[in-house]
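Asker: can't give you the sequence, but here's the structure:
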Ligand SMILES: Cc1cc2nc3c(=O)[nH]c(=O)nc-3n(C[C@H](O)[C@H](O)[C@H](O)COP(=O)(O)OP(=O)(O)OC[C@H]3O[C@@H](n4cnc5c(N)ncnc54)[C@H](O)[C@@H]3O)c2cc1C
């Protein structure tokens, strides 16, 4: 069986992991149009080559990222999320005065 | 006829019938370029030529005719889907299948042996009842069956209540069928070539020229070809080819694996499928048991076969048919399936005016081959979108109008 190296738990059988989709940056959660949201949710780059994607070690619920070659089925690198998510993301909504009432 | 046969038998040379035009040079311009010579691409070419008299058409194939998923699928043909749009569409395709051998003068070995889907839970029974109602309403033969009826339909199915997942009921689809898969591409290609279409194998489309919102040419390993319109019908490579035209698709490419045993005497008549234990199986007229249902757990463009899938498919099929424990496997293989989020295809118009999509066929597109040929050719030739394919437009994802076939398609056939 293929082995994937979990940044938290070390090398484990790939059957212990769940594929979590391509990594792609969030759209601006206040400004994004519904078209942009549709693209974010449904559309994928589906690259034939090297991709960055989410994986989860299901036994420990640990999410991390991996670089993988989708042509050769090789996992090139796995790493912790803080490599990409290194600053705080604000999810604040518009201030109350901007939200139409009713 | 007998004299002709005698003469042929006594002659010294046996002139083989040429099915396809010999591959000559690529022309500078075609009215329509079709990318991909699977059943879909060749079917579209066939109907462009036959129904609409459009024959300045080239089908460009990077490998060989019908060597993609058309040659790799498990050939299940059915119409017992869940949504009105899906059932109507596949129902029309199943009708066309019935006459395909005559149409081609080529035996596609259509066998109407029915399909039985197994329920191992109350939830499955509820969803089967729903499907049966929708199916019957739309004129598809589909009904709920109990354990006794199932034992009559498939006498050697393991109905034991001691099984890990006992079978509690089923969905019987009398219209379910199988056919010989690759013959479909040959039949369409032959008919298309006879009418003047050119088939170019070993011709890979590597880029697509778009000028002012229109496709003007495709660039291949054999040079540049100008074109009036382009249809892409490349299954697993859908995202890669669409990207050349600057189009993003809601598709992920996953390998789907299947395997086949050595031939045995006839033991199993219908196709039997279990979405719960994740396997389906039927016996071909040659006697092999075809075992499928193994989608890989992550996207990949690589058709390797894995031990993991062999083990899980074997374990699952032995739950249903323990006698297969003695069977020897002959082959295992994979094809790259273009999976959509709602398990429905993406076909019709694209953001580019003269560029057409025939994609998102995932694990379910073989049965749709004939209806795709007819409807996509009509769209390209007349610029009118046939009603039956309108719901499958790429635009549906922007309108949040997906056609959710997940329940009816999750068994991967
Ligand atoms: C194991 C397995 C089992 C399946 N079982 C079933 C089933 O039971 N029932 C069912 O209905 N469906 C099933 N399917 C799905 C079905 O096989 C496909 O949806 C269908 O065959 C797609 O046909 P197609 O003609 O669009 O694609 P294909 O037959 O894959 O043809 C596409 C062609 O495009 C070519 N191509 C790709 N890129 C380029 C390029 N850049 N330039 C030129 N040519 C290119 C490829 O070489 C290929 O020959 C199964 C699939 C698999 C893999």
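Answerer: Noted; the coordinates are in hand. Note that this is a predicted model, so its numbers are computed, not measured.

Asker: measure residue B:225 to residue B:98 for me?
Answerer: 36 Å (C-beta to C-beta, to the nearest Å). In short, each C-beta sits where N, CA and C put it, glycine included.

Asker: Repeat that for residue A:5.
Answerer: For residue A:5, the distance to residue B:98 (C-beta to C-beta) stands at 53 Å.

Asker: Show me what counts as buried in the one helix or strand residue B:370 maps to.
Answerer: Using DSSP states H and E, residue B:370 sits within helix B:369-382. Using 16 or more other C-beta atoms under 10 Å in any protein chain shown as the test for burial, helix B:369-382 gives B:369-381.

Asker: Quick check: residue B:199 vs residue B:60, distance?
Answerer: 9 Å.

Asker: ditto for residue B:233
Answerer: Taken as C-beta to C-beta, the span from residue B:233 to residue B:60 is 11 Å.

Asker: Next up, the contacts around the residue nearest to residue B:401 when sequence neighbours are not counted.
Answerer: Nearest in space to residue B:401, with sequence neighbours left out and distances taken as C-beta to C-beta, 6 or more residues apart in numbering or on different chains, is residue B:391 at 7.8 Å. The contact partners of residue B:391, by C-beta atoms under 8 Å, 6 or more residues apart in numbering or on different chains, come to B:85, B:344, B:401, B:403.

Asker: pLDDT score for the residue nearest to the last one when sequence neighbours are not counted?
Answerer: Among residues not flanking residue B:403 along the chain, residue B:344 sits closest, at 4.1 Å (C-beta to C-beta, 6+ apart). The pLDDT attached to residue B:344 in the predicted structure is 98.

Asker: what does the one 3 residues further on give?
Answerer: At residue B:347 the predicted local distance difference test score is 98.

Asker: ok, and what's touching the helix or strand that contains it?
Answerer: When elements are assigned from DSSP H and E, residue B:347 belongs to strand B:346-349. Applying C-beta under 8 Å, 6+ apart, the external contacts of strand B:346-349 come out as B:238, B:249-251, B:340, B:356-360, B:372, B:375-376, B:379, B:385, B:389-390, B:392-395.

Asker: separation between residue B:117 and residue B:378?
Answerer: Counting by C-beta to C-beta, the gap from residue B:117 to residue B:378 is 32 Å.

Asker: With residue B:71 instead?
Answerer: As judged by C-beta to C-beta, residue B:71 and residue B:378 stand 26 Å apart.

Asker: before we move on, what about residue A:30?
Answerer: Taking C-beta to C-beta, one finds residue A:30 at 44 Å from residue B:378.

Asker: before we move on, the earlier item: neighbour count for residue B:233 and residue B:60, which is higher?
Answerer: Remark: of residue B:233 and residue B:60, residue B:233 carries more neighbours, 32 against 28, as counted by other C-beta atoms under 10 Å in any protein chain shown.

Asker: That one touches residue B:45, doesn't it?
Answerer: No: counting by C-beta atoms under 8 Å, residue B:233 stays clear of residue B:45, with 9.4 Å between them.

Asker: if we can go back for a sec, could I get the average pLDDT for the helix holding residue B:370?
Answerer: Average pLDDT, helix B:369-382: 98.

Asker: Stretch B:62-74 too?
Answerer: pLDDT averaged over stretch B:62-74 gives 97.

Asker: which parts of it are buried?
Answerer: Here stretch B:62-74 shows B:62, B:65, B:66, B:67, B:68, B:69, B:70, B:71, B:72, B:73, B:74 as buried, counting by 16+ other C-beta under 10 Å.

Asker: Could you work out the end-to-end span of it for me?
Answerer: 23 Å (C-alpha to C-alpha, to the nearest Å).
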